[in-house]
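**Student:** Sequence first, predicted coordinates after that:
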Amino acid sequence: MKISIHYLVIICVFLFMVNGPGFAADNTIIKEDVYVVIKPIPGFGIYANSMVPSPDSNHLACVAKKGDKYCTIYDGKPLTLYDSIAKGTPTFSLDSEHMLYKAKKRNKWVVNLDSKEGKTYAEIGIPFFTPDCKRVYYVVEDLGKQFVVLDGKEGAKYDGIPQERNLTFSPDSKHIAYAAFKNKKMIVVSDGKEGTSYDQVSSPRFSPDSKVLVYPAEKSKKWLFVKNGVEDGKQYDTIGTYTFSLDSSHFAYSAKKGDKKFMVLDGKEGIPFDDVAMPIFSPDSKQLAYLGIENKKWFMVFNNEKGKPYDEIKDLSFSRDSLHHSLTVRKGNKWSIISDGKVGPNYDDIALPLYTTDSKHLIYLTSNNKKGRIVFDGKESQPYDVVSLVVFSKDSQHMMYMAKKDEKWFIVKDGKESAHYDGVALPTFSPDSKHYAFICLKKGVWSIVCDGVEGKAEFAGFLKDSSIEFDSPTHIHILAMQVASGGTTPELKFVKLTVDIK
């Protein structure tokens, strides 16, 4: 694999730009070890931009070329050679235990799961894992028909199966549902059983408890909901967004009748507006809030009670215990936060309001006169050129965020600035909330910082989509890149950095 120094710089700058983000604890010592995961392999050209880390950052896969053939490399081992490896693969299961990819074998495509091939077909969609990571499914097109393959078993053949936001599994992974075209009509197929034919159907969705399957359907130019195969009776001109409460006991959706739109909660129509959107249930499932627009004014409706008018509304946030909520509103050209009914100061912009995990504190980002601040329980931080999303420790006692000032970046932890760097990213607290880590860029070299102590191991960059993982309160690992020694042109090797904090 040939790679230019210019490309290395692009990797590092990209990582710095897309990732958000401490101070040295007394007598903190860190011990680093670097293990090679994938290194240059004679005869193989490795595609660096195909690198995919497992969700736990313990494994690494990529695509490589040998001659006119392609293969997946898994933790440094080349696998079966094919004519092509599909874009978007390989991919890992969420538990990091399995890996699959789509490959071309002569004029057919095949899905390879844990080095085991499935049946070949003319066309195959991107394969996916079920939520429990135990099964694989994908859409196949063969001989002019489309069908779903689940666990290697072919489903019924249809005229077409939309793939975008269509195939869905119940949260418990026991049930599958999808919309399909049949005889110029549309149906929803659930666990292999076909529902009633309609002129159109929208994406099916399961309730959080996996007991209810719903989808909107059009019949005779009217729309209605179908729940577990039964029409609920009410028909509308259109049906929009729809959602369940977290405990599955309530169901809300937007609908239009005539020139008015409204939210329907458990079958009861709410206040009519020119438009409605953004239905949100509180974490305890007892409150429904949604946006209503009337005569160009914006209202937030809580439990079917219409709030005050504003020029714009965004970012409704609930605390985890559902006892508090905040709303970001605009009057004129100024934004403010309304927290539990109390209006905060005005700013040019406000973003990313959130409550701490213990539900006791509210924090958000503000912008005024091109300067950013963090506001914590109404108290402003000092201004910076840029501020990032805040990261909280698990016990909610500590927080940190990335900030920029005078062309330098740093971490602000509990109000104190770290050393200044050319770039910082991936701020992470340990599970016991006693330690923290982030990565930094200094004079063109990346390294890790733990409890304010800079590591000595140097890297060309840290792998995109990899994360700092605490295996224990004092042990860390992350995937990174180094320039391999030797050879006439710079090449990369991909490594795992482990750190022990003492």
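**Tutor:** The structure has been received and is ready for your questions.
**Student:** Let's check: the centremost residue of the chain is which one?
**Tutor:** For the chain, the residue nearest the mean C-alpha position is D465 (10.8 Å; CA atoms, centre = their mean).
**Student:** Using the three-state scheme, assign it.
**Tutor:** Of the three states, D465 takes coil under DSSP: H, G, I helix; E, B strand; the rest coil.
**Student:** Double-check it against V52; I have them as touching.
**Tutor:** Yes - contact criterion CB atoms under 8 Å: D465 and V52 qualify, at 7.2 Å. Where you see a C-beta, it was placed from the backbone N, CA and C, and this is true even at glycine.
**Student:** so how far is D275 from Y242?
**Tutor:** Distance of Y242 to D275, computed by CB to CB, to the nearest Å: 16 Å.
**Student:** out of these two, which sits in the busier spot?
**Tutor:** The neighbour count for Y242 versus D275, taken as other CB atoms under 10 Å, is higher for Y242 (20 against 15).
**Student:** Nearest residue to the more buried one in space, please, no chain neighbours.
**Tutor:** Setting aside the residues directly before and after it, Y242 is nearest to Y253 in space (CB to CB, 6 or more residues apart in numbering), at 3.5 Å.
**Student:** what's the answer for I176, then?
**Tutor:** Once flanking residues are discounted, I176 sits nearest to F169: 5.4 Å by CB to CB, 6+ apart.
**Student:** which residues of the stretch 401-502 of the chain fall in strands?
**Tutor:** For the stretch 401-502 of the chain, strands defined by DSSP state E, counting those that start in this stretch occupy the ranges 408-413, 416-417, 423-429, 436-442, 445-450, 453-454, 461-462, 469-472, 475-484, 491-501.
**Student:** Quick check: mean pLDDT of the fifth one?
**Tutor:** What it means is strand 445-450. Averaged across strand 445-450, pLDDT comes to 97.
**Student:** tell me the angle it makes with strand 408-413.
**Tutor:** 10 degrees (axes from the mean of the first three to the mean of the last three CA atoms, to 10 degrees).
**Student:** hmm, back to that, pretty sure the residue nearest to Y242 sits against D266.
**Tutor:** No - using CB under 8 Å, Y253 makes no contact with D266, being 10.4 Å away.
**Student:** Neighbour count for these two, which is higher?
**Tutor:** Comparing Y253 with D266 by other CB under 10 Å, the one with more neighbours is Y253, at 19 against 10.
**Student:** could you say what helices and strands the helix or strand hosting that one packs with?
**Tutor:** Assessed by DSSP states H and E, Y253 sits inside strand 251-257. Secondary-structure packing of strand 251-257 (3 or more CB pairs under 8 Å, 6 or more residues apart in numbering; DSSP states H and E): strand 238-244, strand 260-265, strand 275-281, strand 288-294.
**Student:** how about the CA coordinates for the second one, as CSV?
**Tutor:** Backbone C-alpha positions of strand 260-265 (Å, rounded to 0.1, in the frame of the first residue of the first chain) are rendered in CSV as follows:
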residue,chain,number,x,y,z
LYS,A,260,-55.4,21.7,9.4
LYS,A,261,-52.9,19.4,11.0
PHE,A,262,-52.9,18.0,14.5
MET,A,263,-51.3,15.4,16.7
VAL,A,264,-53.3,12.3,17.5
LEU,A,265,-52.5,10.7,20.9
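**Student:** Beyond that strand, next helix or strand please.
**Tutor:** Assigned by DSSP H and E, the successor of strand 260-265 is strand 268-269.
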